[in-house]
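S.K.: The following comprises the amino acid sequence and a computationally predicted model.
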Amino acid sequence: MSKVEFTLLQGGLNSSIPDAKKRFVSGYVTNTRLMGVLALYAHWAVPDGGDIHQFFYIDCEEAGLETCTVFRGDWNVDMELAQQALVGGLGAERIPLTANTFRWLINHWKEFNIKNGLPLPANRDAYEFIFEKAPKLSRDEEAALMEKICGEVTSDFQVVNYFLMRCVGNDEPGAAYLAEDGVPLDMFSNYSKATFCKNTIDPSGRPHEYISESLIEMDGKYETIITKIRVRDLRVSRFEFCNQNPVTATEAALMLRKTEFATVYEVLMEDEDMEDNLGEFVLTMNTVMTTHPNGRLFMAFKPTNDHVGERVFMLSNDVKGVYFLTNYGQLIVVAYSQEDILELERGLATGPLKSYLMMTGQYELLDPVLFEFINSDYVDFQSFIEPED
């Protein structure tokens with residue numbers, strides 16, 4: 001899963017939240033525990049009106065209970081956009097929660113923050129009532145909940161990739177879920193804020209035993225780590241460290257290199273009208289938007305995390321494609337396979353901007369250039385990739 005900087009809207013808070021009578025109506029949690037993140041939502045009915053809608057984001061590796069966004073009132077487009085920003089990039093199913101399981105999860109991660117000296121989200125008055133009378137779950141109930149939020153694991157490759165990802169993230173509870181008792185979980189305990197960029201799995205020659213070459217980044221430095229993992233009944237039964245080697249940034253870039261398929265459009269719409277249509281574009285095209293000095297980036301993610309089950313896992317393979325709308329009315333659409341770029345083009349042909357787009361170019365780029373363009377001083381993508389002599 002790609003790291004996304006969420007821009008969440010703060011909506012309609014007032015000082016009456018702590019005192020208002022509240023009844024839990026519904027809630028959900030994403031089944032992305034093995035990706036190292038969770039998103040939760042709760043709807044509370046308030047008899048005097050102004051129902052409460054809460055969105056929480058939890059980083060299971062580092063930040064714990066990280067953000068809480070709260071709205072008052074009936075469901076509206078601002079809430080839809082906040083939900084899209086939170087959940088759209090996770091490749092998740094939404095697992096319904098009871099009031100007890102919702103409160104238990106929030107309290108569990110509150111304790112994680114306290115234990116690790118981490119701050120809780122700033123707008124505490126808007127959610128502190130959830131900490132009152134924290135429920136308890138039996139060991140069996142906790143195990144059943146963990147199974148739900150982890151999602152179904154169906155292959156050895158998934159086990160290997162998820163397990164290494166959790167170990168690199170120093171997430172022992174997540175790694176333990178995938179391992180038999182006695183398997184070492186602290187082999188990467190000297191790593192901090194490391195990123196599991198890529199993993200290549202090859203059979204060792206013994207049944208259900210695999211050699212993995214993992215590319216890991218930490219503090220801007222890269223290294224490859226070779227490990228041996230044996231899987232039994234979709235759980236890690238043996239884990240061995242083999243060796244590690246430093247990798248230069250240039251070598252890492254080659255290992256992570258992808259072909260970009262790019263389609264360029266001119267947007268035949270006034271700026272003011274474009275602003276009015278951005279929300280519809282975000283929701284219709286199922287994207288997450290971030291703002292840059294020279295435009296806005298919309299990332300479209302795949303609906304599942306099936307890429308974790310591939311023999312060659314890449315963290316960025318959860319991205320289906322990218323739209324970049326420049327401040328000068330150019331829309332650049334990029335995907336990493338012909339199948340995906342054609343699908344994105346078809347989506348635009350039926351989307352909210354269909355009457356305002358004029359295609360001006362299609363490219364297959366062996367070296368990725370979109371993010372170089374975004375960070376450059378160029379205002380025209382085609383001039384950037386085809387500079388005049």
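M.R.: In hand now; what should we look at?

S.K.: quick one: least confident helix or strand in this protein?
M.R.: Ranked by mean pLDDT, DSSP states H and E, the weakest helix or strand in the chain is helix 271-284, scoring a mean of 85.

S.K.: contacts for it?
M.R.: 77, 80-81, 84, 267, 269, 287-289, 296, 298, 325, 329, 351-353 (C-beta atoms under 8 Å, 6 or more residues apart in numbering). Where C-beta positions appear, they are placed from N, C-alpha and C, glycine not excepted.

S.K.: how about 7 Å then?
M.R.: Contact partners of helix 271-284, identified using C-beta atoms under 7 Å, 6 or more residues apart in numbering, comprise 77, 80, 81, 84, 267, 289, 298, 351, 352, 353.

S.K.: Cross those against helices and list the overlap.
M.R.: 77, 80, 81, 84 (DSSP state H).

S.K.: Within its local environment, how many residues does residue 84 see?
M.R.: Using other C-beta atoms under 10 Å, residue 84 has 17 neighbouring residues.

S.K.: quick one: contacts for it?
M.R.: Neighbour list for residue 84: 282, 283, 288 [criterion: C-beta under 7 Å, 6+ apart].

S.K.: Closest one of these to residue 224?
M.R.: Of all the contacts of residue 84, residue 224 sits closest to residue 288, with 30.2 Å by C-beta to C-beta.

S.K.: how near is the closest one to residue 342?
M.R.: Using C-beta to C-beta, to the nearest Å, residue 288 is found at 22 Å from residue 342.

S.K.: sorry, back to before: determine which two of the contacts of helix 271-284 are furthest apart.
M.R.: It's 80 and 267 that sit farthest apart of these, by C-beta to C-beta, at 23.3 Å.

S.K.: could I get the longest helix that the chain contains in CSV with only the CA atoms?
M.R.: For the chain, the longest helix by residue count, based on DSSP H, is helix 99-115. Extracted in CSV, the C-alpha atoms of helix 99-115 (Å, rounded to 0.1, in the frame of the first residue of the first chain):
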residue,chain,number,x,y,z
ALA,A,99,-20.7,-0.6,19.7
ASN,A,100,-18.6,-2.8,21.9
THR,A,101,-16.1,-3.8,19.3
PHE,A,102,-15.8,-0.3,18.0
ARG,A,103,-15.1,1.1,21.6
TRP,A,104,-12.7,-1.8,22.3
LEU,A,105,-10.6,-1.1,19.1
ILE,A,106,-10.4,2.7,19.8
ASN,A,107,-9.5,2.0,23.5
HIS,A,108,-6.9,-0.6,22.4
TRP,A,109,-5.1,1.9,20.2
LYS,A,110,-5.4,4.7,22.8
GLU,A,111,-3.5,2.4,25.1
PHE,A,112,-0.9,1.8,22.4
ASN,A,113,-0.4,5.6,22.2
ILE,A,114,0.0,5.9,25.9
LYS,A,115,2.4,3.0,26.2
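
S.K.: How far away from the center of its chain is it?
M.R.: A distance of 21 Å separates the centroid of the chain from that of helix 99-115, by C-alpha atoms, centre = their mean, to the nearest Å.

S.K.: Just the buried ones from the ones in helices among the contacts of helix 271-284?
M.R.: Among the ones in helices among the contacts of helix 271-284, those classed as buried by 16 or more other C-beta atoms under 10 Å are 81, 84.

S.K.: now, which of the ones in helices among the contacts of helix 271-284 sits nearest residue 249?
M.R.: residue 84 (33.3 Å).

S.K.: and the gap between that closest one and residue 276?
M.R.: Counting by C-beta to C-beta, the gap from residue 84 to residue 276 is 18 Å.

S.K.: More neighbours: which of residue 288 and residue 342?
M.R.: Using other C-beta under 10 Å, the more surrounded residue of residue 288 and residue 342 is residue 288, with 23 against 13.

S.K.: Could you double-check that that one lies in contact with residue 89?
M.R.: Yes. Under the criterion of C-beta atoms under 7 Å, residue 288 is in contact with residue 89, at a separation of 5.0 Å.

S.K.: tell me which residues in the least confident helix or strand of the chain are buried?
M.R.: 274, 277, 279, 281, 282, 283.

S.K.: In CSV: those residues, plus distance to residue 62.
M.R.: Listed next are the buried residues of helix 271-284 as CSV, based on distance: C-beta to C-beta, whole Å:
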residue, distance to residue 62
274, 37
277, 36
279, 31
281, 32
282, 27
283, 30
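
S.K.: And these, which two are furthest apart?
M.R.: 274 and 283 (15.4 Å).

S.K.: Could you check how many residues crowd around residue 115?
M.R.: Residue 115, neighbours per other C-beta under 10 Å, totals 9.

S.K.: go on, residue 92?
M.R.: 25.
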